[in-house]
Structures are given as structure tokens and as C-alpha cells.
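Predicted coordinates and the sequence they were generated for:
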Amino acid sequence: MKIASFNDFRIGIVEDGQLFDITSVVPAAFDALPQQRLNWLIAQWAQALPAAQAARASVSPVALASVQLLAATPCPPHVFAAPANYRKHLGELGDRTVTKKGRSAREQGFFLKAPASVVGAGGAIFVPKGSARRFDHESELAVIIGKGGRDIPRAKAMEHVFGYACLLDATMRIEKDTFEEERSMRKSFEGFTPVGPYIVTADEVPDPANLANRLWVNGELRQEANTSEMIVDIPELIELISSVLPLVPGDLIATGTPEGVGPFAAGDTVTIEIEGVGRLSMPVREREHVSPRAY
């Protein structure tokens with residue numbers, strides 16, 4: 001099943017370019033906190049699925065192109081991210097490399113991105129106005145957690161996965177000995193975590209460890225790899241993260257980027273496509289105003 005968040009945080013099932021609004025499944029109390037509707041549905045999925053299927057059968061579809069898609073999961077409690085998780089990506093940034101000496105996500109663990117940086121297909125990636133810094137694309141498979149837990153062994157980790165989406169991990173690069181801000185901040189500007197175009201539930205992705213992952217900038221192929229090349233696979237990532245803190249429904253895990261990372265700028269369009277998961281195109285725009293602290 002493909003599940004989208006759209007317009008004012010409504011929820012729909014996507015089928016063949018059409019969308020079936022199933023928001024009625026979510027308790028009306030969430031009308032006061034509409035951005036939390038999808039997290040509730042993910043957490044209650046086993047019990048709510050029959051009602052979701054009944055709602056889908058009872059409503060008339062609208063064209064997917066007629067709605068504004070929000071992030072596949074618009075209000076994740078956490079956004080975890082795996083650094084240096086593809087062997088060929090290690091060291092490719094030269095002096096801008098943060099993970100040193102060939103270390104991978106296995107040694108480095110995870111970092112956090114701000115949930116407020118998450119954006120959907122109807123939004124944009126915003127770079128600071130007038131900035132001379134370098135901003136890069138990183139194409140990643142996103143994992144959406146369905147069942148929370150602590151100390152989850154990798155043998156049972158996939159039982160906790162709700163679904164998958166395309167994710168762009170946009171990044172402002174360090175400039176050695178000049179600008180060396182913390183990784184989480186450099187990756188948390190507005191719109192720096194596009195996720196979408198929707199969630200594809202885990203039952204529709206039988207082997208997430210064997211998916212083609214491609215990224216283009218303005219039609220030029222920049223990144224091309226397969227998720228089989230991950231150093232730390234999805235079960236190990238879930239084990240690693242849950243060994244530190246509890247995972248909860250709706251959490252996002254960005255599983256790392258392959259080689260081919262490179263710059264983008266305002267006016268560009270960045271497109272990611274992951275086999276069996278979807279295709280997401282994002283415009284890059286410059287912010288209208290210079291911030292009090294410029295970058």
C-alpha cells in the first residue's frame with residue numbers, strides 16, 4: 001500500500017495516480033493536531049487497517065496531481081541518519097570529509113537531523129540567501145518505524161519496519177580550518193530533508209537490501225548504486241539505534257548515501273528514484289531574506 005500525507009495533513013491511499021482520502025479513520029481529536037494524524041495511524045496500523053480499507057472503498061478518488069503532497073511522514077519524532085554507510089563514498093569529499101580514517105556507520109553510530117527540516121514533494125529545498133558555501137545532495141532510502149522498541153536485536157528488527165520512502169539528505173559542507181559547524185546543524189536547514197513522495201508499506205518491498213538508488217541534478221545522473229552496498233544494513237541500524245534509545249512509531253531512519261555526492265544550487269532540480277519505492281523531484285530555491293546569522 002502507498003500512503004500519502006497531503007494538503008492540511010490529510011491522509012490518503014495512492015493507487016495508479018489517484019488518491020483515496022482515508023482521514024476519517026483517524027480520531028477527530030487529532031483535528032487539533034493534524035500533523036500527528038499519520039503517526040497515530042502508523043502506531044495503530046494493525047487495528048486500523050480494516051477501517052482504512054473500508055474508507056478507501058467508500059470514497060471517490062481524486063487525481064494525485066490535484067493535491068499538495070507533504071512529506072511522506074510530515075512530523076517524525078526523530079530523524080536518525082547513518083553517516084558513511086557506502087564503501088565507495090568514504091573519503092570522496094577530500095578535505096570536507098567529516099568521518100575520518102575510513103570509519104563507517106558501524107564505528108560512528110548515528111547522528112540526528114531536525115524534524116523541522118523534513119519537507120514533501122510539494123515543497124522545496126531552501127539554501128541561505130547569498131551564500132557562497134557548498135551545498136550537496138545525498139540520495140538515501142528512508143525507513144519508517146512502525147513498532148517501537150528498545151534493544152531490538154537485528155534478527156527481529158524488520159518486524160519493526162512500517163515502510164519506506166525516498167529521502168534527500170541535503171548538506172552544507174564544511175570548509176576546512178574556516179567553517180566547521182556540527183553535522184546536525186549543517187543538515188537541518190529548512191527543506192534539507194525531503195521525504196516522499198509517499199510511504200510504501202513494507203509488504204510491498206520484499207527485499208529492501210536490493211534496490212537500485214539513483215539521483216539526478218537537472219537531468220544529469222550523479223548517483224547510482226544499490227542498497228546491497230550498504231556497510232551497515234537496515235537490521236543492524238535498527239539494532240544500533242535502539243541500543244541507545246527507544247524507537248517509536250513514525251521515526252525516520254536515513255540509511256546513508258552512496259558515492260557521487262555533489263553540489264546543487266538555487267534554480268536546480270534534484271530528483272531521486274529508488275526501485276519499488278518511488279521518484280521524488282525537488283526544486284532548489286534561495287531564501288527570500290538573509291538570516292541574522294548568514295551562511
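That came in fine, so what should we check first?

And the helices in the stretch 51-200 of the chain?
105-108, 183-186 (DSSP state H, counting those that start in this stretch).

Any buried residues in the first one, and which?
It stands for helix 105-108. Neighbour-count burial for helix 105-108 flags Ala105, Gln108 (criterion: 16 or more other C-beta atoms under 10 Å). For the C-beta atoms, the positions are set from N, CA and C on the backbone; glycine is no exception.

and Met158, which of the helices of the stretch 51-200 of the chain is closest to it?
Nearest of the helices of the stretch 51-200 of the chain to Met158, taken as C-beta to C-beta: helix 105-108 at 17.8 Å.

residues in contact with that closest one?
Ala82, Pro83, Ala84, Asn85, Thr99, Ile231, Val232, Glu236, Leu237, Leu240, Gly256 (C-beta atoms under 8 Å, 6 or more residues apart in numbering).

if we go to 10 Å?
81-86, 98-101, 111, 230-232, 236-237, 240, 255-256 (C-beta atoms under 10 Å, 6 or more residues apart in numbering).

Going through those, which ones are buried?
Taking 16+ other C-beta under 10 Å as the criterion, what is buried in the contacts of helix 105-108 is 81-86, 98-99, 111, 230-232, 236-237, 240, 255-256.

before we move on, back to that, reformat the helices of the stretch 51-200 of the chain as CSV; add distance to Gln47.
CSV is the format used below for the helices of the stretch 51-200 of the chain (distance: least, C-beta to C-beta, whole Å):
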stretch, distance to Gln47
helix 105-108, 34
helix 183-186, 35
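
Is it possible to get a markdown table of those helices that adds mean pLDDT?
Output for the helices of the stretch 51-200 of the chain, formatted as a markdown table (pLDDT from 0 to 100):
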| stretch | mean pLDDT |
| --- | --- |
| helix 105-108 | 88 |
| helix 183-186 | 95 |
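
Return the subset of the buried ones among the contacts of helix 105-108 lying in strands.
Filtering the buried ones among the contacts of helix 105-108 for membership in strands, criterion DSSP state E, returns Ala81, Phe111.

For Ile234, see how far away Ile145 is.
The gap separating Ile145 from Ile234 is 11 Å, by C-beta to C-beta, to the nearest Å.

ok, these two, which is more surrounded?
Between Ile145 and Ile234, Ile145 has the larger neighbour count (other C-beta atoms under 10 Å), namely 29 against 21.

Which parts of this structure belong to which domain?
Following automatic domain parsing, one gets these domains for the chain: 2-66, 79-286.

got the end-to-end distance for the shortest one?
End-to-end distance for domain 2-66: 17 Å, by C-alpha to C-alpha, to the nearest Å.

Overlap in contacts, Ile145 and Ile234.
In contact with both Ile145 and Ile234: Ala157, Val161, Ile253, using C-beta under 10 Å, 6+ apart.

top of those residues by neighbour count?
Most surrounded of those: other C-beta under 10 Å gives Ile253, at 26 neighbours.

residues contacting that one?
By C-beta under 10 Å, 6+ apart, the neighbours of Ile253 are 76, 78-82, 110, 140-145, 161, 167, 234, 237-238, 240-241, 247.

which residues in the stretch 151-295 of the chain form strands?
In the stretch 151-295 of the chain, strands defined by DSSP state E, counting those that start in this stretch lie at 161-168, 171-172, 193-201, 212-217, 220-226, 252-254, 262-264, 269-274, 278-286, listed in chain order.
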